Structures are given as C-alpha cells and as structure tokens.
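**Q** my questions concern the predicted model and sequence given below.
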Amino acid sequence: MQGFDLAATAVRILTEPPGAASSGQRALVSDLVRKQLTRTQLGAAALARFENEPEDSSTDVLYVVLADAVATDPAFGRLLETALHVPVAAPPRLRPSSKETAWVWLLGLPQVFVSYVIMSVAVRLADSGGWWVLYTVLFYGSVVMTAAGVWFGTRLMRRRARTGALTTATVLNALILVLYFRPFFI
C-alpha cells in the first residue's frame, strides 16, 4: 500500500463507530498514530484537533499529516501496514463454571417434579376453592424459576460459554416452559 492508502485506511478505522473494526486493531492503529504524530508539533496539533473536534475538516488534516508521516518514515509505514492487516481473532470461548451450570439445572429440573405434583394435587382437590390460591402461587413461582433458568442459561451462552451440560439444561428449561403453557393452547 502507498502512503495515501495507508493514511486513508487508518483514518477510516479511527473514525468508524466502535464495533466496525475490532477493538484490538483500533487500539493498535490508534497507538501507532499517536506515537508517530506526537513526535512533531504539526502532528500533535492535528491529532489534538481530531480528538477534540472529530469533524470532516479535522479528519482531512489528520489524513494529510498521517500520509506525510508515512512518506517520510518508511519504518512507520511498514508498522502501520502490518497493523491494518492484522487478522481479527475471534474472541476466546469462555467456560461457565460448574456452579453457573448447576444453577441453570437447579432452576429447571426440580420444576418438572414440582409442576407435576402441583398438577396432580390441583386436579384431585379442584373442588375446594382454597386450593386454587396455593396452586396459582406454586405454579407461577415455578414458571418464574424456570424462566429464570432459561434467561440465565441463554445469557451464559451469549457470552460464548457453551458446554453440553449448559445447552442441555437451557433446552430442558425451555421445554418445561412449553409444557407449563401447553394446556392453555390445547
């Protein structure tokens, strides 16, 4: 790449919203540009203006000063080119702790047994009115705990912390929620 192309790419990475370029690449390019431009008074002024007023005019000034810095310092140009072509690594996979996985299991699996006990007791005692209050409280408490298990499990999985036990527990919790609401749709 030539100096103008490198400068244009570096300025584009610095002006893009977070997430467009990898945070590691953005930080690397920012550090390289900062170290190089603060060596001269013109570079420091252009960088300060860009940081204080990130408008088109300050971006254009930064582009020109950065292109000049690449043209006058070939070693900086090679470093910048390397930084711009760094392959973006995938974020590391996290492993949930056994305690977190156990919470997902405990929020879902015991609810299966609780729900069947509630259903069997409610069916046998359906004639007495006082049992419906207990049934409603236990049923909704069980639904909330199971929904919390689904939420907690999916939150862990969105953090890329996937294991077979966690996936199984989360799917089981979701199936239990479907079983809870199945009588309302049949």
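**A** Received it, and whenever you're ready, just let me know what you need. Just so you know, these numbers come straight off a predicted model, no measurement behind them.

**Q** following the helix or strand of the chain with the lowest mean pLDDT, which helix or strand shows up next?
**A** Least confident helix or strand of the chain, by mean pLDDT, DSSP states H and E, is helix 98-124 with a mean of 74. Next in sequence after helix 98-124, counting helices and strands by DSSP states H and E, comes helix 131-158.

**Q** tell me which residues in stretch 157-174 are buried?
**A** 157, 161-163, 166, 169-170, 172-174 (16 or more other C-beta atoms under 10 Å). Quick note: C-beta positions are derived from backbone N, CA and C, even for glycine.

**Q** what strand or helix carries residue 61?
**A** Residue 61 belongs to helix 56-72, assigned by DSSP H and E.

**Q** how many residues are close by residue 84?
**A** 19 (other C-beta atoms under 10 Å).

**Q** surely it touches residue 11?
**A** No: at 11.0 Å, residue 84 does not count as touching residue 11 under the criterion of C-beta atoms under 8 Å.

**Q** show me the contacts for the nearest residue to residue 154 once chain neighbours are set aside.
**A** Nearest residue to residue 154, sequence neighbours excluded (C-beta to C-beta, 6 or more residues apart in numbering): residue 170, at 6.1 Å. The contact partners of residue 170, by C-beta atoms under 8 Å, 6 or more residues apart in numbering, come to 104, 149-150, 153-154, 157.

**Q** just the element for residue 170, please.
**A** Following DSSP H and E, one finds residue 170 within helix 164-185.
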